[in-house]
Structure formats: structure tokens, C-alpha cells
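Asks: Okay, structure incoming, though there's no sequence with it:
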């Protein structure tokens, strides 16, 4: 009698497996678009989970993300490679995403989810500057002007009026959140792992965040709606989006995927307005548009091919 393995019975293919026949550039764009769509849910879900303590939110969300990623790895017959992920890679991902997302969660109640989102999404502009320094590339005046336009957009978005009042420390937290992710993205662009490292890293992330919660935050009872929002955070903007982005950064099409990522604040603001969970003023929307325009120009995609 023929033996049928569990992996054969539960043969499971992720949407990204279907991207293999696509060309390298199209595949990179598809991965980046998927990441952007999932990332855009983060401010809305974080607002629904509030006012839960940030470390608790992130720790529980990371635990859910780890469980979901492990389950998918088992279904695909890749459990062995999942648990064999190099520890240095997991540590980089764990610390980078922990600092980035917790800073955002601390900034959000101080300046509002829409404002925090726009300021944090200066990270593509910061990434351009970091990558230029890393490659010892000299930026043209037009690209420097585009970067300046992006920062003007942030100023327009955060002032002179705030949904929750002016809070300089809240602005700084959101800015540092973006800077952390820009540094993380620049380092991860050199990653050469054959398998995804985001899912396995969620377990380490959960341990870090929950340890910080028990050490520094008061015990808090969560409602069913908060728990559902936290579970959604763990699966969608935390695990799936970062897994897609991590693959996209390793395709080599950095300018293309960075330009696509600039649409995230606009998509996120649209969801906040659609669900009515955040105040999106004309100033915030205008600032987000300026950041997108500036970031697209800074990416260098408007230049002729061959000058990347």
C-alpha cells in the first residue's frame, strides 16, 4: 500500500509561488504591490487595537504571525528550512521590526494615526539617502530637490494643526520609526537567504516584545475586538507584508520597488478615512501627496533607462 505524506495531502501553494513565470521586473513589482496593500492596513488595525499597550500589541501580533507562518511552512513541506533559519538573520529582522513598529505605536496616540503614518513613511526618502551613501553615489540636484519636497510634505502633514494637538516628542517617535525601517531595509537588501526569514523571525520578535511588556507595562485585559485586530496585525501588515517586501528587496530592482512603496501612506490614509477610525485632514492628505511625489523623483525612476 502506497504511503501518502502529510505534505502531499495538504499540498499548499502561496500566491507568490504563482509569480515564478513572470519576468524579474514584473515579479519584483508584484511583490512590492502586495506588500504595499498589506502595509496600508497597519494604521487602521493599530487604531482598532488601541489603547492596548504597544509592547503587548506587538508581542501578541508577532506570536500570531509566527504561528501562521509555521502553519503555512508545514503545509508546503518546508518546516525543516523554517526552523533552520540562520539566527543572525532572525535577530536583524526581529530587532529592526520591533523598534520600527513599537516606535510607531508610541507615536500614534500622541499625534494621531494619520499624522504618525505620514511622518513614518518618510522612510523611502531616507532609504534613498542611505543607499546613496552606501554606494558612494552622488545625488543630482533634481533628486536632492525631490528629497527636500518629501520633507516639506511631512511639515505640511504635521502642522500647524494636529488632530490630537502638537507633540514634538510624538513627531520624533514617528520620524525615528521611519529611520529605523530605512536602515533595516538598506541592510536587508544584501540578504541572500534562499527562504523567507520573516516568518521564523516573528517568534523571536514575540519573545522580545512580550518580555518588554511584562517588564515595563501594566497588565491589561483586552476586548474581543482588540484581540481580533491584533491577530489581523500579526498576519497581514506584520508577517505577509514584510515577507513580500523582503523577497522584493532581494530581486535587485531597488528603485522600482521603492517607488511602489511610496504609495503606502496614501493607501493607508484612504483606509483610515474609509473606516472612519482616524481624522484625515486636507493638510495630512496634501502632505502625503508631496511625500509620494518627492519620493518618486528621489528614486530616479524618472530618468532614462541605463542611468540607474
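Replies: Okay, I see it. Owing to the predicted nature of the structure, the values given are computational and were not obtained by experimental measurement.
Asks: Only C-alpha atoms from now on, for both contacts and neighbour counts.
Replies: Fine.
Asks: tell me the contacts of residue 46?
Replies: By C-alpha atoms under 8 Å, 6 or more residues apart in numbering, residue 46 lies in contact with 105, 229, 230, 233.
Asks: Got phi/psi on it?
Replies: The phi/psi pair for residue 46 (degrees, to the nearest 10) reads phi -60, psi -40.
Asks: One more: residue 102?
Replies: Torsion angles, degrees, to the nearest 10, at residue 102: phi -70, psi -40.
Asks: I figured it was touching residue 55, is that so?
Replies: Yes: contact criterion C-alpha atoms under 8 Å: residue 102 and residue 55 qualify, at 6.7 Å.
Asks: Pick out whichever of these two has more residues nearby.
Replies: Using other C-alpha atoms under 10 Å, the more surrounded residue of residue 102 and residue 55 is residue 55, with 26 against 22.
Asks: What is the end-to-end distance of stretch 180-198?
Replies: Stretch 180-198 has an end-to-end distance of 17 Å (criterion: C-alpha to C-alpha, to the nearest Å).
Asks: cool, and stretch 150-168?
Replies: 19 Å.
Asks: Who wins on neighbours among the contacts of residue 46?
Replies: For these, the largest number of neighbours (other C-alpha under 10 Å) sits with residue 233, at 29 neighbours.
Asks: before we move on, back to that, rank the contacts of residue 46 by pLDDT and give me only the lowest.
Replies: Lowest in pLDDT among the contacts of residue 46 is residue 105, which has 84.
Asks: How about the contacts made by it?
Replies: Contacts here follow C-alpha under 8 Å, 6+ apart; on that basis residue 105 touches 46, 54.
Asks: redo that, cut-off 6 Å
Replies: By C-alpha atoms under 6 Å, 6 or more residues apart in numbering, residue 105 lies in contact with residue 54.
Asks: which secondary structure element contains residue 270?
Replies: Assigning secondary structure by DSSP states H and E places residue 270 in helix 264-275.
Asks: brain fart, residue 77
Replies: Applying DSSP H and E, one finds residue 77 in no helix or strand.
Asks: Which residue, other than its chain neighbours, is closest to residue 249?
Replies: Counting by C-alpha to C-alpha, 6 or more residues apart in numbering, residue 189 is the residue found nearest to residue 249 once chain neighbours are left out, at 5.3 Å.
Asks: What distance do you get for that neighbour to residue 54?
Replies: Taking C-alpha to C-alpha as the criterion, residue 189 is separated from residue 54 by 28 Å.
Asks: still on that earlier bit, what residues of the helix holding residue 270 count as buried?
Replies: By neighbour count on 16 or more other C-alpha atoms under 10 Å, the buried set for helix 264-275 is 264, 265, 266, 267, 268, 269, 270, 271, 272.
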